[in-house]
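pasting the sequence and the predicted coordinates here, then a few questions.
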Amino acid sequence: MTTMSPPICLSVCMRCKPSAWSGDDDRRPGAVLAEEIDRRCVADGVCDIVLREIRCMSQCNRPCVAALSCDGKFTSLFGDLAPQRDVEALFEAVNLYRMRRDGVDGPLRATACTPRRYPRADSSARIGVRPRASTGLSLKTCSPRLGVTPAFDRTAHRRISAGKIATLERPAAMDSRQILRRALLAGAVALTTLVLPSMTYAQQGDALLRVVAPWEYTSNDPTDTGYILARMGIADTLVQVEPDGKLIGGVASSWTIDADKLTWRFALRPGATFHDGSQITASAVATSLKAAFAGESLSAVPFDGVAAEGEQVVIRTRTPFSVLPPFLTDYASVILAPSSYGSDGKVQKIVASGPYRIAAIDGKTILDLERFDGYARTKPAIAKVRYTAVGNGNTRANIAVAGDADLVFTVAPTAISRIDAAGQMKVESVTIPRIRPIAFNSGLAQFEDVRVRRAISMAIDRAGIASAILRHPGSAATQLLPPLMKDWHDPSLPPIAYDVEGAKKLLAEAGWVPEADGIRAKGGVRLAARMLTLSGRAELPVMATAIQAQLRQIGMEIAIEAGQAAIIPAAIKDGTMQMTMFARTYVNVPEVIATIIPDYTRERSTWGTMNWPGRDRIRPLTEEYVTSFDDARKAALRREIMKIIHDEAPVIPVSWFEHTVAVSKRVTGVEIDPYEMRYLIDRVRFR
């Protein structure tokens, strides 16, 4: 791997305090802000930020004050920061700063004012900036255990690599209000001062493809982050799926099944190599697959062993399993070289065989990739790629508005018109087999009666939500899966109706009677629940609020709690889940049965139903489905499964998803994969 990019220096004024503040001198708000930033860096494993505690930054009328600086970039100055309120906003600003080639490349449309560019460090112009003495300056590295080694000289004023950064003083000729202005987003202010001469990996010209997506690279374990490895073309699976749903060979070139219906044989591509130059052998592939089959992701496969037989990889199952090839597209089964594993059998580094290989990793948010010239299939046209994880949907939208990336994945529907109007990028979309459903704990008194679940479904105005919130009328769900999934979408099922009066009638039939406040009750139990949803998907809390108002009309009260992705599986695991609204893909592998099994056949699924009695009727149908090689029988089983889910409503679909990608005008050849398996960046070219 190449050397990591220079760290971003986040300087904080330790003496900052409001004029009316009184308290312990060691606990000034500026010092508290530095503590909060340090805590966030450690908690998130951020390793490309160096926190510098500076005694005074001479901006006393706009406390608290912080600044961002980095080798080769303008310095950004921030004011009016509150220690607890603005840490998250400050880290959003770090993401924007990290993305821009010189810190302010392109218009910062998220800010309230136009950023100013001041003379470079070597300019003779007098701008009122002078270096401070080293007195009072302490250097502090966030989470040193992560291996950050800032290149500073403590004896002189601050240095980074080849350039000097002078502490900012207020320019004598300027009002400080011109320097420190509040931003509309991320607490940013006008950008000021110096730029340094050397260039980083991300600044090496137009040859770099810039990709932004929500997901952080948290570990080398494919069961955790294999989807990033597969999507970015770093690692290939044995089998892959094309956007049209056709299965193709990945590491394998072809496959057959023996007459016993238990033995599958996969031929490998001749002459193919891993990123370290070692040969892709049947033995290496078999070893990699053994680790994948040991994990939870492929637990539905009745795995009975994998071995190398000559130049073939042979997989055996205990019982016939007709859907094995699509299961082998699962990201957890990406094929890694023997050199990826440590002596304990765990993945220590990523050595794979995809069209791109990892050149550098910066913390959890940045992967620098380079073209693998030894790739066995068509080589990519673009030599270098940078992947940046930006979890906040609003920040991703602002990056797209400013044109600070070439591909921005998972754009919020509400931001599409703003991005298109800005003219830097164009949003492209395709309907995908991912849904926004509501799931119930059917063991609770509120939801054990199917009539209640149906009434809730009937009370939701899906068309209104799709038009007003999602800005895509066609995304209103009429059944569980969209027409795109021809095998699983059943046009004979009656569309889910919006019928408030019909919903009230069903509740009355079920014995739920309105009380004085309009909320229904039965046997001393109120028709009320806590609905968990995901804050990481910007549209879900908004949709939940609309549904909250719509359910109030039929006499149901819900309290909304939005949190990170782990909030829902945790509530299901500990039994406190009542009602959830989330996003669920039905093609983790390109075979819907792989999601039906965990979501509808278990007492407690990770994302789907909980305590639903109908699971005992679904389970034998799924068991027959995966063992059958009779296409006609499998079609009949699909219809039966979908009818049970549609009629009993253990999960009610609200909307289908549009996979949205903002695309820069400077690239072409972009294909959107409705299965979300690959970003297909190896097919992208610069115009």
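It's in.

from the chain's centroid, how far away is the helix of greatest length in the chain?
Ranked by residue count under DSSP state H, the longest helix found in the chain is helix 631-648. Offset of helix 631-648 from its chain centre (Cα atoms, centre = their mean, to the nearest Å): 32 Å.

same question for that helix: list its buried residues.
Neighbour counts over helix 631-648 (16 or more other Cβ atoms under 10 Å) mark 634, 637-638, 641-642, 644-646, 648 as buried. In short, each C-beta sits where N, CA and C put it, glycine included.

mind putting those in a markdown table, pLDDT and distance to Gly555 included?
Formatted as a markdown table, the buried residues of helix 631-648 follow (pLDDT from 0 to 100; distance: Cβ to Cβ, whole Å):
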| residue | pLDDT | distance to Gly555 |
| --- | --- | --- |
| Lys634 | 97 | 42 |
| Leu637 | 98 | 38 |
| Arg638 | 97 | 36 |
| Ile641 | 98 | 32 |
| Met642 | 98 | 30 |
| Ile644 | 98 | 28 |
| Ile645 | 97 | 26 |
| His646 | 97 | 25 |
| Glu648 | 97 | 22 |
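
quick check, Arg357 in a strand?
Yes: Arg357: assigned to a strand according to DSSP: H, G, I helix; E, B strand; the rest coil.

what's the pLDDT at it?
Per-residue pLDDT puts Arg357 at 97.

I'd say it and Ala235 touch.
No: when contacts are counted by Cβ atoms under 8 Å, Arg357 is not listed as touching Ala235 (9.4 Å).

so for these two, which sits in the more crowded spot?
Ala235 (31 against 23; other Cβ atoms under 10 Å).

quick one: end-to-end length of stretch 458-476, please.
Counting by Cα to Cα, to the nearest Å, you get 13 Å between the two ends of stretch 458-476.

what's in contact with that stretch?
Applying Cβ atoms under 8 Å, 6 or more residues apart in numbering, the external contacts of stretch 458-476 come out as 413-414, 416-417, 429, 431, 477, 496-500, 502-503, 506, 539, 542-543, 546-547, 550-551, 553-554, 556, 652, 654-658.

sort out for me which of these are in strands.
429, 431, 652, 654-658 (DSSP state E).

which of those sit farthest apart?
Ser429 and Ile652 (23.8 Å; Cβ to Cβ).

list only those of the contacts of stretch 458-476 flagged as buried.
413-414, 416, 429, 431, 477, 496, 498, 503, 506, 539, 542-543, 546-547, 550-551, 554, 556, 652, 654-658.

ok, now which ones touch the residue lying closest to Ala252 once chain neighbours are set aside?
Excluding the flanking residues, the one nearest Ala252 by Cβ to Cβ, 6 or more residues apart in numbering is Phe266, at 4.2 Å. Going by Cβ under 8 Å, 6+ apart, Phe266 touches 238, 252, 254-255, 285, 312-315.

and if you look at Ala267?
Counting by Cβ under 8 Å, 6+ apart, Ala267 has contacts 252-255, 311-312.

which of these scores worst on pLDDT?
For the contacts of Ala267, the pLDDT minimum is Glu311, 92.

ok, back up a step: among the contacts of Phe266, name the ones in strands.
Short answer: the contacts of Phe266 in strands (DSSP E) are 252, 254-255, 312-315.

going by distance to Thr595, which of these wins?
Ile315 (21.6 Å).

ok, the closest one touching Val306?
Yes: between Ile315 and Val306 there is a contact under Cβ under 8 Å: 4.9 Å.

same drill for those two, tell me which one is more crowded.
Neighbours per residue (other Cβ under 10 Å) separate Ile315 from Val306, with Ile315 holding more: 25 against 20.

kindly export stretch 290-308 (C-alpha atoms) in CSV.
The C-alpha coordinates for stretch 290-308 follow below in CSV (Å, rounded to 0.1, in the frame of the first residue of the first chain):
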residue,chain,number,x,y,z
LYS,A,290,-14.8,-22.2,4.0
ALA,A,291,-14.5,-19.0,6.0
ALA,A,292,-17.6,-17.5,4.3
PHE,A,293,-19.7,-20.6,4.9
ALA,A,294,-18.8,-20.4,8.6
GLY,A,295,-20.4,-17.1,9.0
GLU,A,296,-24.1,-16.2,9.4
SER,A,297,-24.6,-14.6,6.0
LEU,A,298,-24.7,-18.0,4.2
SER,A,299,-26.2,-20.0,7.1
ALA,A,300,-29.3,-20.8,5.0
VAL,A,301,-27.1,-23.0,2.7
PRO,A,302,-27.1,-26.7,3.8
PHE,A,303,-23.3,-26.7,3.4
ASP,A,304,-21.6,-30.0,3.6
GLY,A,305,-18.1,-29.0,2.5
VAL,A,306,-16.0,-27.3,-0.2
ALA,A,307,-12.8,-28.8,-1.7
ALA,A,308,-10.4,-28.4,-4.5
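
list the buried residues for that stretch?
So for stretch 290-308, counting by 16+ other Cβ under 10 Å, buried means 291-293, 295, 297-298, 300-301, 303, 306, 308.

tell me where the model's unsure across the chain.
The chain contains residues with pLDDT under 70 at 1-6, 25-26, 42-48, 58, 101-206, 295-297.

right, and Pro83 touches Asp38 too?
No: in this structure, Pro83 is not within contact of Asp38 by Cβ under 8 Å, at 11.7 Å.

circling back: buried only: go through the contacts of Ala267 for me.
252, 255, 312.

list the contacts for the first one?
Under the criterion of Cβ under 8 Å, 6+ apart, the contact partners of Ala252 comprise 238-239, 266-269, 313.

and the helices in the stretch 301-450 of the chain?
324-327, 393-402, 416-422, 450-458 (DSSP state H, counting those that start in this stretch).

CSV for the ones you listed, including distance to Leu229?
Converted to CSV, the helices of the stretch 301-450 of the chain look like this (distance: least, Cβ to Cβ, whole Å):
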stretch, distance to Leu229
helix 324-327, 18
helix 393-402, 21
helix 416-422, 28
helix 450-458, 38
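
minimum distance to Gly669: which of those has it?
Of those, nearest to Gly669 by Cβ to Cβ is helix 393-402, at 18.8 Å.

in that closest one, what's buried?
Quick answer for helix 393-402 (16+ other Cβ under 10 Å): 393-402.

for Ile568, state which of these is nearest.
Nearest member of these to Ile568, counting by Cβ to Cβ, is Gly393, at 18.2 Å.

tell me who's in contact with the closest one.
By Cβ under 8 Å, 6+ apart, the neighbours of Gly393 are 214, 410-412, 415, 536-538.

what of Ile399?
95-96, 99, 212, 390, 405, 408.

same question for Phe303.
So, once contact is read as Cβ under 8 Å, 6+ apart, Phe303 ends up touching 293, 315, 317-318.

partner residues bridging it?
Thr317 (DSSP bridges).

how's this structure carved up into domains?
8-201, 210-389, 429-658 (automatic domain parsing).

and the last one, end to end?
Taking Cα to Cα as the measure, domain 429-658 stretches 6 Å from start to finish.

so Leu289 belongs to a strand, correct?
No: using three-state DSSP, the assignment for Leu289 is helix, not a strand.

any idea how far the closest residue to it other than its chain neighbours is from Asp616?
Of all residues not flanking Leu289 in the chain, Val306 sits nearest, at 4.9 Å (Cβ to Cβ, 6+ apart). Using Cβ to Cβ, to the nearest Å, Val306 is found at 32 Å from Asp616.

now the angle from the longest helix of the chain to helix 450-458?
Orientation of helix 631-648 against helix 450-458 (axes from the mean of the first three to the mean of the last three Cα atoms, to 10 degrees) gives an angle of 90 degrees.

alpha carbons of helix 631-648, as CSV, please.
C-alpha atoms of helix 631-648 as CSV (Å, rounded to 0.1, in the frame of the first residue of the first chain):
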residue,chain,number,x,y,z
ASP,A,631,-39.5,-24.4,-12.3
ALA,A,632,-43.3,-24.8,-12.5
ARG,A,633,-43.5,-26.0,-8.9
LYS,A,634,-41.3,-23.2,-7.7
ALA,A,635,-43.5,-20.6,-9.4
ALA,A,636,-46.6,-22.0,-7.6
LEU,A,637,-44.7,-21.9,-4.3
ARG,A,638,-43.8,-18.2,-4.9
ARG,A,639,-47.4,-17.3,-5.4
GLU,A,640,-48.5,-19.1,-2.2
ILE,A,641,-45.8,-17.5,-0.1
MET,A,642,-46.6,-14.0,-1.3
LYS,A,643,-50.3,-14.4,-0.9
ILE,A,644,-49.9,-15.4,2.8
ILE,A,645,-47.7,-12.4,3.5
HIS,A,646,-50.0,-10.1,1.6
ASP,A,647,-53.2,-11.3,3.4
GLU,A,648,-51.8,-11.6,6.9
